[in-house]
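Asker: structure for the following, please:
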Amino acid sequence: MAVVEDDPSMRKSVARLLNAHGFATEGYASAEAFLNRATSSEIGCIVLDVHLGGISGIELWHRLKDGGSKIKVIFITAVDDQALEQEAVKAGCVAYLHKPFPAESLIDAIERAMTVSPDD
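Answerer: Here you go, the predicted structure:
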């Protein structure tokens, strides 16, 4: 499980929440850091901030998909952008959560992502 979030406190909070629920989690401050360090084949799900400095979360997801990755994505964002949300949902993200979101919403989305086969 990976958390890509440029806000350090949010990244730590999400990682702690996921660790407390039994998910091994790696945190990344940017899409570039994720691309440079992560082997996406080892990661089943990514909690991804939509708006990152540099490569955006949406762009990162497109790069992963174009590269053949079957990684499941849960987007998180503080920005209310209906067009972007529709694009993400249409492209098949597991969930699109608006910050601040209830912890249960994220855990439920991750559990859905982990129970869906990679070919869905």
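
Asker: can we go C-alpha only for contacts and neighbour counts from here?
Answerer: Noted.

Asker: how about the strands in this protein?
Answerer: Remark: strands assigned in the chain by DSSP state E are 2-4, 26-28, 45-49, 72-77, 95-98.

Asker: which residues does the spatially most central residue of the chain contact?
Answerer: Closest residue to the average C-alpha location of the chain: Val47 at 2.1 Å, with CA atoms, centre = their mean. Residues in contact with Val47 (CA atoms under 8 Å, 6 or more residues apart in numbering) are 1-4, 73-76.

Asker: switch the cut-off to 10 Å
Answerer: Applying CA atoms under 10 Å, 6 or more residues apart in numbering to Val47 gives the contacts 1-5, 11, 14-15, 25, 27, 57, 72-76, 94-97, 106, 109-110.

Asker: of these, buried ones?
Answerer: With burial judged by 16 or more other CA atoms under 10 Å, the buried subset of these is 1-5, 11, 14-15, 25, 27, 57, 72-76, 94-97, 106, 109-110.

Asker: what is the burial count for Ile55?
Answerer: Ile55: 14 surrounding residues under other CA atoms under 10 Å.

Asker: number the chain from 36, please
Answerer: With 36 as the first residue, the last one maps to Ile90.
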